[in-house]
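[1] what's the 3D shape of this:
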Amino acid sequence: MSNSIIQIYTDGAARGNPGPGGYGIVMISGPHRKELKEGFRLTTNNRMELLAVIVALETLKIENSEVTVFTDSKYVSEAINQNWIENWIKKEFKKVKNPDLWKRFINIYKKHNVKFVWVKGHADNKENNRCDELAVIASKDKNLKIDEYYETLNSSENTLF
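    Model prediction:
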């Protein structure tokens, strides 16, 4: 059975950067459509951009799916398309921001055939605009989750000694 191509649109947002943030995802496969969003009380835009891709790929039920991810994040798209990720893996993510998410990304990325396409943000891309809307809505949720890694990492920087 051949797998149909799955289109995934993702976006992340952070109000304050760092600040409250969220991600939005639109997944399309044939007639099927799924939207996902989630918000966090303290995070960054780049973390939400990357987490959106991770969550979308983790949502796929069939391994080796043919996937095209559309993102307005050059941070995410160029890490793959410019092959920065290979150097980061070789260096064991030393001096790389968001190593927790990149390691999680690699684990799920390897399970599918994924192509990344960069799209201009806040332009005439209906699905990317919907993801942006979902990400902003999620960042304003009353019950924001805790981005454990980010808050733990940055809590030591906020002390006076």
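[2] how about the strands in the chain?
    Using DSSP state E, the strands of the chain run over 5-14, 19-29, 32-43, 66-71, 113-118.
[3] the fourth one pairs with which strands?
    By that I understand strand 66-71. Applying DSSP bridges, strand 66-71 is found paired with strand 5-14 (parallel), strand 113-118 (parallel).
[4] and the longest one, which residues are buried?
    The one in question is strand 5-14. Using 16 or more other CB atoms under 10 Å as the test for burial, strand 5-14 gives Ile6, Gln7, Ile8, Tyr9, Thr10, Asp11, Gly12, Ala13, Ala14. The C-beta positions use only the backbone N, C-alpha and C, and glycine is treated the same way.
[5] who touches the lowest-mean-pLDDT helix or strand in the chain?
    Across the helices and strands of the chain, mean pLDDT, DSSP states H and E gives its lowest value to helix 148-155, namely a mean of 86. If you take CB atoms under 8 Å, 6 or more residues apart in numbering as the criterion, helix 148-155 is touched by Pro18, Phe40, Leu42, Thr43, Thr44, Arg47, Asp100, Leu101.
[6] name the member of those residues with the most neighbours.
    The most crowded member of the contacts of helix 148-155 is Thr43, carrying 30 neighbours; neighbours defined as other CB atoms under 10 Å.
[7] quick one: low-confidence ranges for the chain?
    Applying pLDDT under 70 to the chain picks out residues 1-4, 155-161.
[8] quick one on the thing from earlier: off-centre distance for the least confident helix or strand of the chain?
    Helix 148-155 sits 18 Å away from the centroid of its parent chain (CA atoms, centre = their mean, to the nearest Å).
[9] same question, stretch 7-26
    Here the centre of stretch 7-26 is set off from its chain's centre by 7 Å, with CA atoms, centre = their mean.
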